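[1] give me a model of this one.
(2 chains)
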Amino acid sequence: MSDQSSVGGTNVEGESPQIEPTIETDEATITDDAELERTLGLTGGLAIGIGTMIGAGIFVFPGLAAGRAGPAAAGSFAIGALVALLVALPASELATAMPKSGGGYYYISRGLGTLPGAVVGLSLWFGLVFATAFYLVGFGYYAVDTLAELGVTVGDGLVIPLALLFGAGFTVLNITGTENAAKLQNGIVALLLSILAVFLGYGGLDAVGLIGDPSTPEQFAPFGAMPVLTTAALVFTSYLGFAQVATVAGEMRDPGRNLPLAMVGSVLIVGVLYVAAIFVSTSAFGSERLATFGETAMVEVGRHYFGSIGAVAIVFGGLLATMSSANASVLSTSRAIYAVSKDALLPRRASHINLRYGTPHVALGMAGGPILALVATGRVELLAEVASFLHLITYGLLCVALLALRRADPAWYDPDFRVPGYPIVPVLGALASFALLAFMQPVSQLVGIAIMLVTAGWYAYYGRDVRLKGAIE
Amino acid sequence: MTRVLVPLAILEGESVSTGLPTLLATMDVTVLGYHVLPEQTPPDQARLQYEDRATGALVDLEAAFDAAGGSADHRLVFTHDRDRTVERIADDTAADAYAITGTTGPVDRLLVTLTGDVAVDRLTSFVTELIGDREIGVTLLLATDDEPRGRTVLERAVASLAEHGIDIEPELAVDEPPLEALLAAAAGHDAIVMGEQAPSLRSFLLGEDAERIAAESVGPVLVVREHRNETEVE
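    Here you go, the predicted model:
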């Protein structure tokens, strides 16, 4: 199907994709003249996956989701986990076949061709920008609550200014900071998991009536089945992190083993935590009251079970979690831009590295600028849904790319991990991803489609002579 | 043939002084040019931008080793983790030692330290091969608390080097702190040869002994690696 000789081409500026033969080993990628060390282990991969996801699902969504779907919001999170799992398995196969930085964009451009690749690559950029803006707004709410716990009441008017301040701060830190924050990220994730284990363990025992006062039973799905599905579409933003693991696939040791474990493992871990968190928090207050607490409802749940210590622990956890989500996403965004620019679908300048700090300052700026603009809108649900919309398009196409590659079976396609239940799992993954799009608010769908049209237009103007299908390094 | 790995932060201007290629003329040399990147930067992205410049610098270094009469090749690695990279390339090239480059002119006298838990036979055979038929003198230093045993070890090492006609001066330091003894002896020597110490809590906290010694003694330090497979056989 793919004709190696037709691969390459040039964009409107005459730049060609940088495609070179490489040899992949478990420890390094070996090119003609240089080697690229693989330095991330399984722990690092899980930390990226969990660290990106956990901020949203536990610390921002419970109140919003319970308000929409009642206690059945737990079901919405379960649906999200199932869809994520159906995509994580095919993504794992593709990642072990092509362990390159670039993730979903790389698989789709190589499996399906340049147009779908360009749309996905650029949409992922915007998708990550929307997601990061969403995490930052969440962070703003926690920052205001932190001040409140410290006795400084400033009101929700400061949420957006604080989010903007920290968003700008993260961008600058990422451009100028050369200390390795990876170890810090691992520590933050471990700390969050411990806080949540204690909190959800105790709350869970209480909720099922083993300790404490029996809670008032509430109708499971007071608003029927439809809100469960629309809520699933909303909270899917909580599952976007697993594919971010694939954006660092080129830096992961023993990718054949670690990539599938990190992607599937992080989805399973956060999925269980999310469902438990909703269950515990709706048992504590009832969904109606929970909804009135808004973005930081978990703080009240913490207070309910552990008094002010619980509230402080959750506020602190929420700050760390939304911060680590935002930071991990900024890094993924810069890698997404690099992958596209390396293939001549964005100007080469976009992947230029700063001489002073050794960081990709142009790409980080192209992430940070739009993020701040979106944070300024402050529309939490819209930001979350557009992020999910653009990611779900990628996820659906990723499953299609897997089917196409399996059918064409080119010689270079030799994954270490093969998706179980082929072809049912990737077919269901594609159908579920596209189906979830239908349950979003019309305005989110419109914004998502508009962004995709713009990216397709950019492809037609800038890179329509670039040919990437089957272009494996 | 014995191989020495010379790791250099190639894009940060690290280079070798004139004396090192001459000292290593009897060895196979792999120059490892590495560039450490912050985690924000994918190694591949740095490769696209810096590969040509780094390769140019490495080819020049290779030529310097060849001109001194040795034989050199190079590897170029972009990484987030220097130690992992050095370790991997050392295993990959089956390097017997690695060099911490210092500043030195022609080397007339080597300080070889046998202190600590090192394979004395490996060290002496490495030194023998390094010196070859050149006029390089050796001071053998052993710092120990156990004088009789230290004397035996030292005598054995002196005997095995003297066989090859090398000018040796043994020095036994009893009840002195090993590192201070080494640095005191380093004066008057152009380079140091030592064994790779098993990582201990002390070296973990204070940085590898070899790097501290290199920092304090200015001259190059050759660290003879322990070969895991061989130690199993012994």
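
[2] contacts (any at all) between chain B and the helix or strand hosting A:Thr146?
    Using DSSP states H and E, A:Thr146 sits within helix A:114-149. No - Helix A:114-149 does not reach chain B (Cβ under 8 Å from any Cβ of the partner chain); its nearest approach is 14.3 Å. From N, CA and C alone the C-beta is placed, and that goes for glycine too.

[3] which residue packs closest to residue 105, ignoring adjacent ones?
    No chain was given, so I picked chain A. Excluding the flanking residues, the one nearest A:Tyr105 by Cβ to Cβ, 6 or more residues apart in numbering or on different chains is A:Gly121, at 3.7 Å.

[4] ah, no, chain B please
    B:Gly19 (4.9 Å).

[5] surely that neighbour touches B:Pro220?
    Yes - B:Gly19 is within contact range of B:Pro220, at 7.4 Å (criterion: Cβ atoms under 8 Å).

[6] between these two, which contacts overlap?
    Common contact partners of B:Gly19 and B:Pro220 (Cβ atoms under 8 Å, 6 or more residues apart in numbering or on different chains): B:Thr104, B:Ala191.

[7] of these two, which one has the most company?
    B:Pro220 (24 against 21; other Cβ atoms under 10 Å in any protein chain shown).

[8] residue contacts, the more buried one?
    Here B:Pro220 is in contact with B:Ser17, B:Gly19, B:Leu20, B:Leu23, B:Ala99, B:Ile100, B:Thr101, B:Gly102, B:Thr104, B:Ala191, B:Ile192, B:Ala214 (criterion: Cβ under 8 Å, 6+ apart).

[9] which one of the residues you listed is nearest A:Phe439?
    Minimum distance to A:Phe439 across the contacts of B:Pro220 is 61.6 Å, recorded for B:Ile100 (Cβ to Cβ).

[10] for the nearest residue to A:Val466 once chain neighbours are set aside, give its distance to chain B.
    The shortest distance from A:Val466 to any non-neighbouring residue, by Cβ to Cβ, 6+ apart, is to A:Gly9 (4.6 Å). Distance, A:Gly9 to chain B, using Cβ to the nearest Cβ, to the nearest Å: 18 Å.

[11] can I assume A:Gly9 is in contact with A:Asp465?
    Yes - with contacts counted by Cβ under 8 Å, A:Gly9 reaches A:Asp465, the gap being 4.4 Å.

[12] could you point out which element follows the longest helix along chain B?
    The residue-count maximum for a helix in chain B (DSSP state H) belongs to helix B:43-67. Reading on from helix B:43-67 to the C-terminus, the next helix or strand found by DSSP H and E is strand B:71-79.

[13] that following strand close to chain A?
    Yes - counting by Cβ under 8 Å from any Cβ, chain A is contacted by strand B:71-79 at B:Arg75, B:Leu76, B:Val77, B:Phe78, B:Thr79.

[14] now, among the residues you listed, which is nearest to A:Arg289?
    A:Arg289 has its nearest neighbour among these in B:Thr79, at 52.5 Å by Cβ to Cβ.

[15] not counting residues beside it along the chain, what's closest to the closest one?
    Nearest to B:Thr79 is A:Glu37, by Cβ to Cβ, 6+ apart, at 3.5 Å.

[16] surely the one you found and B:Thr85 touch.
    Yes - with contact defined as Cβ under 8 Å, A:Glu37 counts as touching B:Thr85 (4.9 Å).

[17] write out the residues of chain B neighbouring chain A.
    Contact residues (Cβ under 8 Å from any Cβ) of chain B with chain A: B:37-51, B:54-55, B:75-81, B:84-85, B:88.

[18] quick check on these: which are buried?
    B:37-51, B:54-55, B:75-81, B:84-85, B:88 (16 or more other Cβ atoms under 10 Å in any protein chain shown).

[19] contacts only, for the spatially closest residue to A:Val154 that is not a sequence neighbour.
    The shortest distance from A:Val154 to any non-neighbouring residue, by Cβ to Cβ, 6+ apart, is to A:Leu147 (5.5 Å). When contacts are counted by Cβ under 8 Å, 6+ apart, A:Leu147 touches A:Thr153, A:Val154, A:Leu158.

[20] show the backbone phi and psi for the residue nearest to A:Val466.
    The phi and psi torsions at A:Gly9 (degrees, to the nearest 10) take the values phi 80, psi -180.

[21] count of neighbours near it?
    Neighbour count for A:Gly9, taken as other Cβ under 10 Å: 16.

[22] report all helices and strands that the helix or strand hosting A:Thr52 contacts.
    Assigned by DSSP H and E, A:Thr52 belongs to helix A:42-59. Packing partners of helix A:42-59 (3 or more Cβ pairs under 8 Å, 6 or more residues apart in numbering or on different chains; DSSP states H and E): helix A:114-149, helix A:182-207, helix A:241-247, helix A:255-285, helix A:297-342.

[23] which bits of chain A sit near chain B?
    A:18, A:27-29, A:31, A:33-37, A:39-40, A:101, A:174-175, A:177-182, A:248, A:250-251, A:331, A:334-335, A:338, A:342, A:351-353, A:357-360, A:364.

[24] PyMOL command to pick out the buried ones of those residues?
    A single PyMOL command selects the buried members of the residues of chain A next to chain B (16+ other Cβ under 10 Å):
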select buried, chain A and resi 18+27+28+29+31+34+35+36+37+39+40+101+174+175+180+181+182+248+250+251+331+334+335+338+342+351+352+353+357+358+359+360+364
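
[25] inside helices: which ones of the residues of chain A next to chain B?
    Of the residues of chain A next to chain B, the ones assigned to helices by DSSP H are A:Asn174, A:Ile175, A:Ala182, A:Leu331, A:Ser334, A:Arg335, A:Tyr338, A:Lys342, A:Leu364.

[26] report the two of the residues you listed separated the most.
    A:Ala182 and A:Lys342, at 22.8 Å, using Cβ to Cβ across these.

[27] for the one helix or strand B:Glu180 maps to, buried residues please.
    For B:Glu180, the host element (DSSP H and E) is helix B:178-186. By neighbour count on 16+ other Cβ under 10 Å, the buried set for helix B:178-186 is B:Pro178, B:Leu179, B:Ala181, B:Leu182, B:Ala185, B:Ala186.

[28] and that helix, how far out from the chain's middle?
    Centre-to-centre, helix B:178-186 and its host chain are 17 Å apart (Cα atoms, centre = their mean, to the nearest Å).

[29] elements contacting that helix?
    Using 3+ Cβ pairs under 8 Å, 6+ apart: helix B:178-186 touches strand B:109-113, strand B:137-144, strand B:168-174, strand B:191-195, helix B:209-217.

[30] how about a cut-off of 6 Å?
    Using 3 or more Cβ pairs under 6 Å, 6 or more residues apart in numbering or on different chains; DSSP states H and E, the elements in contact with helix B:178-186 are strand B:109-113, strand B:137-144.

[31] for these, give me JSON lines that also has mean neighbour count and mean pLDDT.
    Below are these laid out as JSON lines (neighbours: other Cβ atoms under 10 Å in any protein chain shown; pLDDT from 0 to 100):
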{"stretch": "strand B:109-113", "mean neighbour count": "23", "mean pLDDT": "92"}
{"stretch": "strand B:137-144", "mean neighbour count": "22", "mean pLDDT": "90"}
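
[32] which among the ones you listed is found nearest to B:Glu226?
    strand B:109-113 (15.0 Å).

[33] mind saving the C-alpha coords of the closest one as CSV?
    Listed next in CSV are the C-alpha coordinates belonging to strand B:109-113 (Å, rounded to 0.1, in the frame of the first residue of the first chain):
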residue,chain,number,x,y,z
ARG,B,109,54.9,9.9,36.0
LEU,B,110,51.6,8.1,36.9
LEU,B,111,50.1,7.8,40.3
VAL,B,112,48.4,4.4,40.6
THR,B,113,46.2,3.9,43.7
